[in-house]
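Engineer: Take this sequence and fold it.
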Amino acid sequence: TYTTNKEITQPEAVREEQPSLDSGQTADGILEVMADGFGFIRCENFLPGENDIYVSPAMIRRYNLKTGDMVRGNIRVKNQGEKFAALLYITSVNGFRADEIPRRPNFEDLTPIFPISIFQYKAGCNANPGDPNYDLKQMAIESLSKRIYPNFVNCDYSQAHEDPNNKDTYFATMGCRTMLGYDRHTDSYNRVGRGNLVPNTMILPKLGIEYGVCLGKRETPDLDGFWSAFEDLLMLCEQGLLERFDIMVNQPPEAAPFMYQNGTMKDAQDCVMSNYEALKHGTLAMGYIGIAEMCQALFGKNHAEDPTVHEFALSVIKRMSAFVKECAERNDLNFSLYATPAEGLCRTALVALRNQYGVIENVTSREYLTNSHHVPVWMKVSINEKLKLEAPFCKYPTGGCITYVELDSTFVKNTKAIEQIIDYAFQKLDIPYLAFNFPIDSCLDCGYQAEFNDACPECGSRNIQQLRRVTGYLTTDYRHFNKGKQSEVEHRVKHSKFS
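Structural biologist: The predicted structure follows:
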């Protein structure tokens, strides 16, 4: 569109040298750059039309303009015989002043936000040299070495339960970690038309504090007291999930029509007054957070520091796994165990514990609780050590889990080493879902990318983006997250330095 606007600030050179060429009208729209180098600001629903504004090749080169740019500027007086009005000068591009535009980064060189892509790794298909699609694995590794994605899911995982004759059972997961297991209502592992309905997360460090040695009330942990209280916690979690499920199924389908149309939800056509027939195929997830802090509070050591403590932590996960199976039988519903991402809970739960118990070293002394069964991010362990410590836990979270390793930005360029890590994690350790973390810092002025801190080493700009994977996704500069997640990111040790 274009309108009369005498108040727009004009570049000094044009105002002084070419005032007679300025029509006083402004153009404001989406630019399309043509193959011959010139372009048009599209004025009619982004489609070509007679009111489009011509943009010269020289102007496009000068300002490094691209198709899709939002261009604003003043229009030149139209000469007799010209089919299109032409842009005289630019005042802004994508909201930035014209003089800020030429050094901006190419859109194609930026890391996508929320680029959820997952590579399904399978022997005989793409996992090994000689497999028909092995080249796709190589391309996926090359991609993740630059952009963190794709993650890798292990379709040969011992708990995958794939039916080779039914593609709807092929092992898959959400980008974050959520996955689906057995559906007791179809007696199958069909994953289509189902979802993880709702999680309840158990804050395990509280039990560790109450029955452990960390408060100085006892010299050895009260494990009988712990297990008794743990059973109460499990039953409370079950009750909470059932109450929430009851609320969901008693909502009329019209409350969320998209969920029950177009076959999105299995058996949705049978939902009239209740959503039960569709939601019964979903899962109720019992989540957990803070295995590391629970162990620290109980024993004075976390599960990565002592084999006996590690075995105790694993016994807690095994009991949770058994309990969700009991819940499924007791309620005739699908229950799962879930290694909770805890985007906000990592901080919320920490603050609640600190307010109740004070600052306890390596329990509440940081600004976050450690996710699920993960090795604390600050522990100096190698890649292999971290994978081996976490692998035994991965057998049990039927609602989803993820395993990370932290790399520095130079190590990740060694794509052969990355492949060896993937093969080791999947073929030797039976890990279901693996992801690699490394810093991606981008200058939003000149486009320079590397690992740097507060200013671009190339142009000195502080207009930088610092992307870090937080809870499974790349969503924004990590400094936009809550204090807990910011602190966790800053405490992360690069496991590649100890490998």
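
Engineer: what about the helices in the stretch 301-450 of the chain?
Structural biologist: 307-331, 345-357, 383-390, 415-423 (DSSP state H, counting those that start in this stretch).

Engineer: Any chance of a markdown table for those, columns distance to Tyr149, mean neighbour count and mean pLDDT?
Structural biologist: No exception for glycine: its C-beta is placed from N, CA and C like everyone else's. Putting the helices of the stretch 301-450 of the chain into a markdown table (distance: least, C-beta to C-beta, whole Å; neighbours: other C-beta atoms under 10 Å; pLDDT from 0 to 100) gives the following:
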| stretch | distance to Tyr149 | mean neighbour count | mean pLDDT |
| --- | --- | --- | --- |
| helix 307-331 | 28 | 16 | 98 |
| helix 345-357 | 23 | 18 | 97 |
| helix 383-390 | 19 | 20 | 98 |
| helix 415-423 | 13 | 16 | 97 |
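
Engineer: To Phe481, which of those helices lies closest?
Structural biologist: Among the helices of the stretch 301-450 of the chain, the nearest to Phe481 by C-beta to C-beta is helix 345-357 (9.2 Å).

Engineer: among the helices of the stretch 301-450 of the chain, which is nearest Phe299?
Structural biologist: Taking C-beta to C-beta, helix 307-331 is the member of the helices of the stretch 301-450 of the chain nearest to Phe299, at 5.2 Å.

Engineer: Mind giving me the packing neighbours of that closest one?
Structural biologist: helix 223-249, strand 283-289, helix 291-299, strand 334-339 (3 or more C-beta pairs under 8 Å, 6 or more residues apart in numbering; DSSP states H and E).

Engineer: quick one, that helix and helix 291-299 angle?
Structural biologist: With axes from the mean of the first three to the mean of the last three C-alpha atoms, to 10 degrees defining the directions, helix 307-331 sits at 110 degrees from helix 291-299.

Engineer: Going forward, count from 51.
Structural biologist: All set: I'll call the first residue 51, so the last point we hit is now helix 357-381.

Engineer: Mind listing residues that contact helix 357-381?
Structural biologist: With C-beta atoms under 8 Å, 6 or more residues apart in numbering as the test, helix 357-381 has contacts from 234, 252, 254, 280, 284, 288, 291-292, 334, 336, 338, 341, 344-345, 348-349, 351-354, 383-387, 423, 439, 442-443, 446-448.

Engineer: same deal with stretch 166-179?
Structural biologist: 181-184, 186-187, 190, 199-206, 220-225, 472-473, 476-477, 523.

Engineer: Can you list the low-confidence ranges for the chain?
Structural biologist: 51-69, 165 (pLDDT under 70).

Engineer: just to revisit the earlier point, out of the helices and strands packed on helix 357-381, deepest packed?
Structural biologist: helix 341-349 (a mean of 29; mean count of other C-beta atoms under 10 Å).

Engineer: Return it as CSV; C-alpha atoms alone will do.
Structural biologist: C-alpha atoms of helix 341-349 as CSV (Å, rounded to 0.1, in the frame of the first residue of the first chain):
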residue,chain,number,x,y,z
ILE,A,341,17.2,-37.8,41.1
ALA,A,342,20.7,-36.2,41.6
GLU,A,343,19.6,-33.9,44.4
MET,A,344,17.5,-36.6,46.0
CYS,A,345,20.6,-38.8,46.2
GLN,A,346,22.8,-35.9,47.4
ALA,A,347,20.3,-35.2,50.2
LEU,A,348,20.0,-38.8,51.2
PHE,A,349,23.6,-39.9,51.1
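
Engineer: Go ahead and confirm Leu329 touches Ile297.
Structural biologist: No - taking contacts as C-beta atoms under 8 Å, Leu329 lies outside contact range of Ile297: 10.8 Å.

Engineer: Can you get me a residue count around Glu132?
Structural biologist: Applying other C-beta atoms under 10 Å, we find 11 residues neighbouring Glu132.

Engineer: roughly how far apart are it and Ile125?
Structural biologist: Note on Glu132: its distance to Ile125, by C-beta to C-beta, to the nearest Å, is 11 Å.

Engineer: same deal with Gly231?
Structural biologist: Going from Gly231 to Ile125 by C-beta to C-beta gives 62 Å.

Engineer: Also His353?
Structural biologist: For His353, the distance to Ile125 - C-beta to C-beta - is 68 Å.

Engineer: neighbour count winner among the two?
Structural biologist: More neighbours surround His353 than the other of His353 and Ile125, with 28 against 21 (other C-beta under 10 Å).

Engineer: which ones are touching the more buried one?
Structural biologist: Ile341, Ala342, Cys345, Val359, His360, Phe362, Ala363, Leu364, His423, Val425, Leu439.

Engineer: List phi and psi for Tyr171.
Structural biologist: phi -90, psi 130 (degrees, to the nearest 10).

Engineer: I'd assumed Leu194 was in contact with Phe486.
Structural biologist: Yes - Phe486 is within contact range of Leu194, at 6.0 Å (criterion: C-beta under 8 Å).

Engineer: Quick check: neighbours shared by those two?
Structural biologist: Listed as contacting both Phe486 and Leu194 by C-beta under 8 Å, 6+ apart are Val462, Ile468.

Engineer: Surely Asn101 is in contact with Ile91?
Structural biologist: No - counting by C-beta under 8 Å, Ile91 is not a contact partner of Asn101; they are 9.4 Å apart.

Engineer: out of these two, which sits in the more crowded spot?
Structural biologist: Neighbours were counted for Asn101 and for Ile91 using other C-beta under 10 Å; Ile91 has more, 26 against 14.
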